[in-house]
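A predicted structure for the sequence below; I have some questions about it.
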Amino acid sequence: MSKTRLNSITTTCIPSEKICNNMVTLRLATVADIALIQEISEKTWPVSYKGIITPEQIRYMLDRMYSTSNIEQAILDSNQAFWLAEKDGQAVGFCGIEHHHPEAHFTRIHKLYVLPDTHGMGIGKRLLEQVEKQALFHADTHLHLNVNKNNKAVDFYRRHGFSIASEEVLDIGNGFVMDDFIMTKAL
């Protein structure tokens, strides 16, 4: 266990680890990494949501969810964390999580994205394993997430033990909706 000081807050977490099989390093993101998170988002979203939602909705959601202030707020929140995956010194993916959300004993995966040209390298799986470790460390026994019903990530999460708990259509403003599965996994 380590305590990491991040811009006037202290986050308790399991230290980052290295994966030797493909030299991927996971580390806790800081506010200095916001631009990296935004860059990965800009590269992954158009590929992940092509043919599922319109380019206008993609832009709207990127602007809303990945603003500097929103990411900074999440990084500085002691119940949230962003983990970066780096390969050969370059950021290739990230996940954003929140402990004890939406209720006690749940860790919510708000975001998990890996650059398209690194799909199939086990980076998403490694990020998910890190989320599981962090959830257990924080005494959470379940994972929780939303995923678009038509996104191939549904299959990724199923392969890793998630099941569909329910469906939800969320009005996110500007005439757009998110048509999602809510998926959960017991740890």
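Sure, I can see it. Numbers count the residues shown, from 1 in each chain.

Tell me where the protein has helices.
Assigned by DSSP state H, the helices in the chain fall at 34-48, 55-65, 68-76, 123-137, 153-159.

Average pLDDT for stretch 160-169, rounded please.
The average pLDDT for stretch 160-169 rounds to 98.

Stretch 135-153 now?
Rounded mean pLDDT across stretch 135-153 is 97.

What residues sit buried inside that stretch?
Ala135, His138, Asp140, His142, Leu143, His144, Leu145, Asn146, Val147, Asn148, Asn151, Ala153 (16 or more other Cβ atoms under 10 Å). Backbone N, C-alpha and C define where each C-beta goes, glycine included.

The second one and Phe106 touch, don't they?
No - under the criterion of Cβ atoms under 8 Å, His138 makes no contact with Phe106, lying 10.2 Å away.

any common contacting residues for these two?
Residues touching both His138 and Phe106 (Cβ atoms under 8 Å, 6 or more residues apart in numbering): His100.

if I look at the nearest residue to Met183 once chain neighbours are set aside, how far off is His110?
Residue nearest to Met183 in three dimensions, not counting chain neighbours: Phe162, with 4.2 Å by Cβ to Cβ, 6 or more residues apart in numbering. Using Cβ to Cβ, to the nearest Å, one gets 15 Å for the distance from Phe162 to His110.

Among the two, which residue is more densely surrounded?
Phe162 (23 against 16; other Cβ atoms under 10 Å).

ok so, going back, quick check, nearest of the buried residues of stretch 135-153 to Pro55?
Asn148 (15.0 Å; Cβ to Cβ).

Contacts only, for the closest one.
Here Asn148 is in contact with Tyr49, Ile52, Ile53, Val154, Met178, Asp179, Asp180, Phe181 (Cβ under 8 Å, 6+ apart).

Quick check: which ranges of the chain have low pLDDT?
1-22 (pLDDT under 70).

same thing but at 90, please
1-23 (pLDDT under 90).

show me the contacts for Met65.
Contacts of Met65 by Cβ under 8 Å, 6+ apart are Ser41, Lys111.

Report the separation between it and Val131.
Taken as Cβ to Cβ, the span from Met65 to Val131 is 18 Å.

Check Gln80 too.
Distance from Gln80 to Val131, by Cβ to Cβ: 12 Å.

Any chance of TSV for the helices of the chain, columns distance to Ala186?
Converted to TSV, the helices of the chain look like this (distance: least, Cβ to Cβ, whole Å):
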stretch	distance to Ala186
helix 34-48	26
helix 55-65	27
helix 68-76	25
helix 123-137	11
helix 153-159	13
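
on that earlier part again, Gln80 and Val131 - which one has more neighbours?
Val131 (24 against 18).

Excluding chain neighbours, what is closest to the more buried one?
Closest to Val131 by Cβ to Cβ, 6+ apart is Ile97, at 5.5 Å.
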